[in-house]
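Chemist: Predicted model, plus sequence, below.
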Amino acid sequence: ADNREKLSELAATLDLPAFNFPFDTVKFLTNSEMEWFMATTKGQDWFVSATLHGLRFDAVDDAWRWWRAGSRLALRYQNPRAVIGLLIHNRLVSRSSTVTWEALQFSGWKDVQLAEIQQLWLEHDALQAVLEGFSMERAYTVESFARFRTNLPALWTSAQVQRGGMAAVVAGPPDAWTTALRDAPLDTLRDTLPLLPWPFWTSYSEEREALQLQSGIVNAWRTAKTVGSLQRGFAEAQALTPLRSTNNFWQLFGEDTFDVWSASRMVVHATIVVQARLTLTAIALHRHRLKHGSFPTGLSALVPAFL
């Protein structure tokens, strides 16, 4: 009953014309140091579980309420414009897609219900979210380079850095950095990156190559969206591989962290884009079956009535 009350409150919030997150994480999370990151995904997990529970026990009205609310949460949520925001976006879309495919196995939906869910997927531009995330991530890099060049003397004469280097900066007062990261993640990361000792690893030429690589990946995503071909975007990204081979810039954060700037990692985000499009098409197929009694013989039969 307690969980139902919490879900009802969140569902009512999602019915508003506009909503903001993170929501009151105290109600939905316990013992988490990453509330700002986990709040939305945790809420989505609750809606998914509640939807499947409703379908399992023939509580159709409840299942519809939670499915609808979870879809609105996942597909209308404005994620932080950065690669870390894409991690949130990808999980929300993937989970929403999964529960939608499960819900479509139930034969008792009305067309107006399926049409509402389909409209949410239609309005959600997964590829645009990816493009915006990578574009802003590159902007953060540009700003970090500039801030580092202008603040280096002050940073390296500060008592805080001299006492223990980066470890002291991250530690600070007890839990200070963790609290700042939770409350203002983008600002905190922006202010922390300039503290890294780039002169020991990188040069102006490597900074330039790093920015060229990031710009190239952003342009590859832009090509994929403009031309309508993920394959074309992959081809452009693969041509940038030589910029990665000798650039020591990536050693600052670890190869895994910055492997997002590669053609191979594009596949991860592209998979979510394709998953979203398949889900949209699946709903259209079920709407066709609901009206005509069977699935169409080809996708062209869905146009223009259902797609």
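Modeler: Looks like it came in fine. Numbering: from 1, shown residues only.

Chemist: where are the low-confidence patches of the stretch 51-200 of the chain?
Modeler: Applying pLDDT under 70 to the stretch 51-200 of the chain picks out residues 79-81, 147-181, 188-200.

Chemist: And the helices in the stretch 51-200 of the chain, which stretches?
Modeler: With DSSP state H, counting those that start in this stretch, the ranges of helices along the stretch 51-200 of the chain come out as 60-76, 83-103, 111-123, 126-157, 159-171, 176-183, 185-192.

Chemist: Leaving out chain neighbours, which residue sits closest to L285?
Modeler: Spatial nearest neighbour of L285, excluding adjacent residues (C-beta to C-beta, 6 or more residues apart in numbering): F295 at 5.6 Å. For glycine as for every other residue, the C-beta is placed from the backbone atoms N, C-alpha and C.

Chemist: Does the one you found touch R289 like I think?
Modeler: Yes. Counting by C-beta atoms under 8 Å, F295 touches R289, with 5.2 Å between them.

Chemist: any idea how far Q275 lies from T281?
Modeler: Counting by C-beta to C-beta, to the nearest Å, the gap from Q275 to T281 is 11 Å.

Chemist: That should have said P242, apologies.
Modeler: Going from P242 to T281 by C-beta to C-beta gives 38 Å.

Chemist: Looking at those two now, which is surrounded by more residues?
Modeler: T281 (16 against 10; other C-beta atoms under 10 Å).

Chemist: That one: which element?
Modeler: Secondary structure assignment for T281, by DSSP states H and E: helix 263-292.

Chemist: Determine the angle, from 0 to 180 degrees, between that helix and helix 83-103.
Modeler: 30 degrees (axes from the mean of the first three to the mean of the last three C-alpha atoms, to 10 degrees).

Chemist: Packing partners of helix 263-292?
Modeler: Counting contacts by 3 or more C-beta pairs under 8 Å, 6 or more residues apart in numbering; DSSP states H and E, helix 263-292 is packed against helix 83-103, helix 111-123, helix 126-157, helix 204-223, helix 230-238.
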